[in-house]
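S.K.: Requesting a structural model of the entry that follows:
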Amino acid sequence: QVQLVESGGGLVQPGGSLRLSCAASGSIFGIYRMAWYRQAPGNQRETVATITSGGVTNYADSVKGRFTISRDNAKNTVYLQMNSLKPEDTAVYSCNAFIRAEFEQNGRNYWGKGTLVTVSA
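M.R.: Below you'll find the predicted structure:
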């Protein structure tokens, strides 16, 4: 069974930094697109950043220049380095990955449970 587990959330002051991690585990044949999403109270979920298996990245305009997504394929892990954090970055951040499990012909999307990031003085 494939699982995604996030870590690294917490409380940080405006202007501070946090690094989120998301590790995939289980019987994995291949991991393709990986991404971070976030959802603030009362808002819809939005895409923060995506990264392909080849390392091509894409970012929401609101985080460009401040956030960096990266992945370690050997560790089945995706990271989100968040710098210059703002109060409006406060949200639950969730990891998403398109994974083909072993013994399965097709892949599908998997989600982590999310980790809370709070930016406040």
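S.K.: Quick check: beta-bridge partners of the residue nearest to the spatial centre of the chain?
M.R.: In the chain, the C-alpha nearest the mean C-alpha coordinate belongs to residue 36, at 2.9 Å (CA atoms, centre = their mean). Judged by DSSP bridges, the bridge partners of residue 36 are residue 49, residue 95.
S.K.: what does residue 28 give?
M.R.: Using DSSP bridges, the bridge partners assigned to residue 28 are residue 101.
S.K.: Same check on residue 12?
M.R.: With DSSP bridges as the rule, residue 12 is bridged to residue 119.
S.K.: residue ranges of the strands in this protein, please?
M.R.: Secondary structure of the chain by DSSP state E: the strands cover 3-7, 10-12, 18-25, 28-39, 46-51, 57-59, 67-72, 77-82, 91-101, 108-111, 115-119.
S.K.: Roughly how far does residue 100 sit from residue 107?
M.R.: Applying CB to CB, to the nearest Å, the value for residue 100 to residue 107 is 4 Å. Just so you know, the C-beta spots here come from the backbone N, C-alpha and C atoms, and that holds for glycine as well.
S.K.: Touching both of those two, which residues are there?
M.R.: 30, 32 (CB atoms under 8 Å, 6 or more residues apart in numbering).
S.K.: chain center to stretch 30-39, what's the gap?
M.R.: 6 Å (CA atoms, centre = their mean, to the nearest Å).
S.K.: what residues are up against the closest residue to residue 77 other than its chain neighbours?
M.R.: Counting by CB to CB, 6 or more residues apart in numbering, residue 23 is the residue found nearest to residue 77 once chain neighbours are left out, at 4.7 Å. Remark: with contacts taken as CB under 8 Å, 6+ apart, residue 23 is in contact with 4-5, 7, 75-77.
S.K.: need those in CSV with neighbour count, distance to residue 29 and pLDDT, can you?
M.R.: As requested, the contacts of residue 23 are arranged in CSV below (neighbours: other CB atoms under 10 Å; distance: CB to CB, whole Å; pLDDT from 0 to 100):
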residue, neighbour count, distance to residue 29, pLDDT
4, 23, 15, 97
5, 14, 19, 96
7, 13, 24, 95
75, 11, 16, 97
76, 19, 11, 97
77, 19, 17, 98
